[in-house]
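Participant: Sequence plus the predicted model coming up.
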Amino acid sequence: MRLPTNPWSWVKPFLPCCLGLFLAGSAWAQTLEISAARVQGPSWQARHLQVQLHTRSSSAAILQIQAGTLQWGKQRLWQKTQGRCNLQTRHGWSCSDLHLAVSGSPWGALQSDGRFQALRADGSGSLQLHLEGAKFGHLALLAQSGVTGRWQMQAQGDLALKGWVPALHLLPATWQSGGELHWQAASGGKSWSQVNRMHFVAQLQKGEFSSPDGLQAAQNVAAALTGNGYWQQHWQGQLQLRWTKGGVLWSPWYWAAPMRPVVLHSDWQQTAKQWRLAQGRIDWPELGTARFAVSQPVQGGSLSWRLREVDVGLEPFFATWIDPLLPATSFAAQAQLAGRLRFSVAGDPVLHMLRWDLQNGSFSTAPLSLQGVTSHGAWDEESPVESAAFHWQRATLYHIPLGPVAVRVALHPGGFALQQPLDIHLLGGVLHFQQLSGHWRGAHSGFAMRGDLHGLRMRALTRIMHWPPFTGTIQASIPELTYHAGTIRTSGELSAGIFGGKVRVRDLQVQHFLGVMPLLQANVSVQGLRLKPLTEAFHFGYISGVLDGNLRHLYLLNWSPEAFQAHFATVKTPGVPQKISYQAVQSITKLGGGNGISGFFQGMFLRLFKTFRYRQLGMGINLANGIAELSGVGAENGGFVILKGQGLPRVDIVGYNRRVSWDELLARLKTAMATGPQMHTGE
């Protein structure tokens, strides 16, 4: 702040047209009045000033001051102010019983009482001012100047923030705010026309605010801001903020002051072109540390920011900053993380640079677990290609163990892609990714993959998934598979070889894949499935033949069937006999709703044969709303034929109960697989 060295130089131009001076009265009862239409400096302006001095004796008088609009820069400080005091001039100037009233200010109407004293001797002087008011708070000011013109000033005060925060536009006018602020300030200069150094302390107690919707709020906040500055071609200095108490809600985040203070300190600069925070550092106990820099052009423009050398614990960092941003139903919302993360980011104001290094990381949710995770890399919006590496030592996906993985990817401004094909070992087989890429911009953000699966052992998979113990291996081809907004889709046909046949999956879609309740939709077809290894795996009884069929409009909710339309039947195949054992006949009978082969003598007779020939075997199930509607390969006497026998002895199986609950049907299947042939009569 710079003013002319001689105050008279900015008053004198207005004297000829707008200064009136008169004395009236006799003896000591005199009145002195000075008025000016306008007084101004480089950055401020005051209008309609008037000073009246009513003398009562040689050393006592009444001083009255009145001023119109006072404007500092573009800010109007008040519309009108009035002051009055009893002036003593015996030892300098001393003003007691001072009363000030301000109207039309951003803080509303202000009134304060106090005292004023000005002393001058041998070319030096001092000024003291004390003011106190209900809204204004308390102010104590001491200014001193020397013979050379060098001066210094100290001031302190207390404020109730309820009225001042909205007036200074620190928060929207509709918000509620409160708290107590104690402040101290000191400044000085070579002359009264120049300020070249300053120091300040502001201590907040019981700070609070709240928005009308309650999504932003603070309570019982205690913090201290200290700083200093000096003029050297431009203003610069240091500042420090200590947050010691209270909590702040800024939806969706909530921060509570830790046991030890959160400390922020930084250098600052104010030039004609920009203001800047530089060489900043944040120390957040139990979370970590970071260095930062922020700059903003004075004449408008985008804010630039940078966080450097951020060093945080992954668990508290995720809980404090990331988890509140996630939907409650997302798979990551309940994740448990550990490890040490170091990173740097920058933006202007949108993120345009990221570098990271993760060590000894872990990630665990219900469907996915990663252990021994390390990663490092860089991404830059201005760079066409950067690189990143990702490694885990152990992992599981839906309880399926995955072998160690080391991945290198190329990063470009809008996504990533594998630098070379990737193999993941699982259950004795290999999941091979020929393509894996991702996009995080635009309407199709997500990832895409293409590959195949070789040699996955069925016995290991069925043991983990608590299925019957299948044998053999799975070979599968994976067409382009995409993930977007929590949903997986395939653009082609997913096929796998199992039990000598082929399973094809079309129209595959999995919503909330890693969420709490994944929903799978698909159409499945089966061709050439050999029944012998399949039925042996289920202890269902011996059946030889080849099965074809389809499973349409399949819906699995949390991997359990909700609806489908299924029909499977055997087809004659050269070289493959169609035979069925007595135990399998019993199992199919129970599955259709019966209790086994009826009749003591009939059962004894059939047990003399190890196998029976059949013409066709098949069954249909339509599941909806928990009810399964059953069908077979034909109709007979109002029932549905499950097994058509052939030759002697001929065995036919006919079911009559077409509608059954899904839970009951599963119970029948479990019973059929758990027990051997039964020899009691009746159905």
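Facilitator: Sure, I can see it.

Participant: surely Leu139 meets Phe116?
Facilitator: No - the pair Leu139 / Phe116 is not scored as a contact, 11.4 Å apart, by Cβ atoms under 8 Å. Just so you know, the C-beta spots here come from the backbone N, C-alpha and C atoms, and that holds for glycine as well.

Participant: For those two, list the residues in contact with both.
Facilitator: Residues touching both Leu139 and Phe116 (Cβ atoms under 8 Å, 6 or more residues apart in numbering) are 129-130.

Participant: Just give me the longest helix of this structure.
Facilitator: The longest helix of the chain (DSSP state H) is helix 662-674.

Participant: Please compute how far it lies from its chain's middle.
Facilitator: When distances are taken as Cα atoms, centre = their mean, to the nearest Å, helix 662-674 is centred 46 Å away from the chain's centroid.

Participant: Equivalent analysis for stretch 376-383, please.
Facilitator: 21 Å.

Participant: again, but for stretch 35-52
Facilitator: Once both centres are worked out by Cα atoms, centre = their mean, stretch 35-52 turns out to sit 53 Å from its chain's centre.

Participant: Quick one: end-to-end length of that stretch, please.
Facilitator: Stretch 35-52 has an end-to-end distance of 9 Å (criterion: Cα to Cα, to the nearest Å).

Participant: Can you point out the buried residues in that stretch?
Facilitator: Buried residues in stretch 35-52, defined by neighbour count with 16 or more other Cβ atoms under 10 Å: 36, 38-39, 46, 49, 52.

Participant: Need those residues in TSV (columns: distance to Thr535).
Facilitator: What follows is the buried residues of stretch 35-52, written out as TSV (distance: Cβ to Cβ, whole Å):
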residue	distance to Thr535
Ala36	110
Arg38	105
Val39	105
Ala46	101
Leu49	107
Gln52	114
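
Participant: out of the residues you listed, who's nearest Pro166?
Facilitator: Ala46 (25.2 Å; Cβ to Cβ).

Participant: who does the closest one bridge with?
Facilitator: Val39, Leu70 (DSSP bridges).

Participant: Which pLDDT value belongs to it?
Facilitator: Ala46 is assigned 86 on the pLDDT scale.

Participant: is it true that it touches Ala37?
Facilitator: No - using Cβ under 8 Å, Ala46 makes no contact with Ala37, being 10.1 Å away.

Participant: All the strands of the stretch 151-300 of the chain, in order from the start?
Facilitator: Under the criterion DSSP state E, counting those that start in this stretch, strands of the stretch 151-300 of the chain are mapped to 151-160, 176-189, 197-210, 216-231, 235-250, 253-256, 262-270, 274-284, 288-297.

Participant: Any chance of the backbone angles for Pro324?
Facilitator: Note on Pro324: backbone dihedrals following degrees, to the nearest 10 are phi -60, psi -20.

Participant: Tell me where this protein has helices.
Facilitator: Going by DSSP H, the chain shows helices at 8-11, 15-18, 161-167, 314-317, 458-464, 531-538, 582-591, 600-606, 662-674.

Participant: Show me the one of the strands of the stretch 151-300 of the chain that comes nearest His412.
Facilitator: strand 288-297 (26.5 Å).

Participant: Could I get the full set of strands for the stretch 1-150 of the chain?
Facilitator: Under DSSP E, counting those that start in this stretch, the stretch 1-150 of the chain gives strands at 20-26, 29-40, 44-55, 60-67, 70-72, 75-78, 80-88, 93-105, 108-121, 124-133, 137-145.

Participant: Run through the stretch 301-450 of the chain and note the low-pLDDT ranges.
Facilitator: By pLDDT under 70, the low-scoring segments of the stretch 301-450 of the chain are 442-444.

Participant: mind running it again at 80?
Facilitator: For the stretch 301-450 of the chain, the stretches with pLDDT under 80 are 327-333, 441-445.

Participant: in it, which spans are strands?
Facilitator: 304-313, 336-347, 351-364, 368-380, 386-392, 394-397, 400-402, 405-412, 415-418, 422-426, 429-439, 446-457.

Participant: and Gln240, which of those is closest to it?
Facilitator: strand 304-313 (18.3 Å).

Participant: Mind listing what's buried along the closest one?
Facilitator: 304-307, 310, 312-313.

Participant: Next: stretch 534-543.
Facilitator: Neighbour-count burial for stretch 534-543 [16+ other Cβ under 10 Å]: 534-537, 540-543.

Participant: wait, which of these is closest to Ala121?
Facilitator: Ala537 (109.7 Å).

Participant: I'm done for today, thanks for sticking with me.
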